[in-house]
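*Asks:* sharing a sequence plus its predicted fold:
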Amino acid sequence: MFAGGDDFAGSPLDGPLAGGRYGVVRRVRAIRRGVIILLWTLVGMLVQAGCLLLPGRPKIAFARIYWFVFARLLGVRVRVIGALASQAQGRPVLFVSNHSSWVDIPVLGGVLDAAFVAKGEVGTWPVIATIARLGRTVFVSRQRGSTARERDTMRGRFAAGDNIILFPEGTSSDGSRVLPFRSAFFAAAEAPPGGEPPLIQPVSVVYDRIGGLPAGRASRPVFAWYGDMDIATHFWRLAQQSGLRATVLLHAPLDPARFADRKALSQAVWRTVADGASTLRQNRPAQPLSVAEAIDVTGSEPAYA
């Protein structure tokens, strides 16, 4: 399905130390992690299948446990800055994040009580499609004519009490920037007839440690998965590394009803996510953006709820 096997040629982590005894240790580490993750996934699929038959939140709670453990087994520690909107607000939440890797799924899935939105092609991938469906993923086609139907599907999920995680870039990036957000994805944030829209919480995700040291531009390909990269090869190279860390920056929630249209909303959320990601990439102290730092791009009033 994907081409390539030399995606990381020239990586700073390839060199004299990659061979010999150190290389053997790294390969053993990757194999061990792969086997344990596979076993954990088989168990997790059985448990989640049972949870789907139960009423209430077991299916949501276990999905978060599964992804949290998955990230730890992969060797990625997750640092969270900020507070979840769902902990203090009564409305459902649409989490909007940048996207640079398949690793975003276990990282965010282990932090947020929410279902993912994924492109329709994911629903055809062997094994991954089954995991996605057990996790109650919402599949979208990204075709203009299907926007209303997919919006209504997500509205139904919000009405049922679910939160949703959205990657409005529409694809994964190389991790060095946040691509523009597509305003069509924000149709889900429109208020249903006679109701309130979900709150939106912008989220910035950056992989900022490798080998226990700050990650820079040269080491970013170890984390980023985009273009024609092969997911198996990417996993193999990533799983060999140690001292990995992802930082999830949770910004203050905003009310989409305060924006004039989807374009204004998408631009404001993009600016917030991009600013947070830029700060994290530079390994500077980061804090969730305050009300004063996020003004509606229409210039009318602060956009934060």
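*Replies:* Sure thing, it's come through. Keep in mind that what you see is a predicted model, and the values were worked out from it rather than measured.
*Asks:* so what's the residue count around the residue nearest to V206 when sequence neighbours are not counted?
*Replies:* In space, V206 comes closest to L280 once its chain neighbours are excluded; the distance is 3.7 Å by Cβ to Cβ, 6 or more residues apart in numbering. (C-beta placed from N, C-alpha, C; glycine too.) Neighbourhood size, L280 [other Cβ atoms under 10 Å]: 23.
*Asks:* which outside residues touch the helix or strand hosting L280?
*Replies:* Following DSSP states H and E, the helix or strand that holds L280 is helix 262-281. In this structure, residues lying in contact with helix 262-281 by Cβ atoms under 8 Å, 6 or more residues apart in numbering are 96-98, 168, 176-178, 180-187, 189-190, 200, 202-206, 208, 247, 249, 251, 254, 256, 259, 285-286, 288-289, 293-294, 296-298, 303.
*Asks:* name the residues of it that are buried.
*Replies:* Within helix 262-281, the residues that count as buried by 16 or more other Cβ atoms under 10 Å are 262, 264-281.
*Asks:* before we move on, what about stretch 58-74?
*Replies:* Neighbour count says stretch 58-74 has 59-60, 62-64, 66-71, 73-74 buried, by 16+ other Cβ under 10 Å.
*Asks:* how about stretch 102-119?
*Replies:* In stretch 102-119, the ones that count as buried by 16+ other Cβ under 10 Å are 102-118.
*Asks:* ends of it, what's the gap?
*Replies:* Across stretch 102-119, the terminal residues are separated by 13 Å (Cα to Cα, to the nearest Å).
*Asks:* any stretches of this structure with poor pLDDT?
*Replies:* Residues of the chain meeting the criterion pLDDT under 70: 1-19, 86-89, 142-146, 290-305.
*Asks:* give me that answer again for 50
*Replies:* 1-12, 14-17, 291-292, 295-305 (pLDDT under 50).
*Asks:* how much space between the residue nearest to P58 when sequence neighbours are not counted and T137?
*Replies:* The shortest distance from P58 to any non-neighbouring residue, by Cβ to Cβ, 6+ apart, is to C51 (4.2 Å). According to Cβ to Cβ, to the nearest Å, C51 stands 15 Å off from T137.
*Asks:* and for S242?
*Replies:* Applying Cβ to Cβ, one obtains 30 Å for the distance of S242 from T137.
*Asks:* cool, A30 as well?
*Replies:* From A30 over to T137 (counting by Cβ to Cβ), the distance is 27 Å.
*Asks:* which of these two has more neighbours?
*Replies:* Neighbour tally, A30 and T137, criterion other Cβ under 10 Å: the higher count belongs to T137, 21 against 18.
*Asks:* which helix in this protein has the most residues?
*Replies:* Scanning the chain for the longest helix, with DSSP state H as the assignment, gives helix 20-51.
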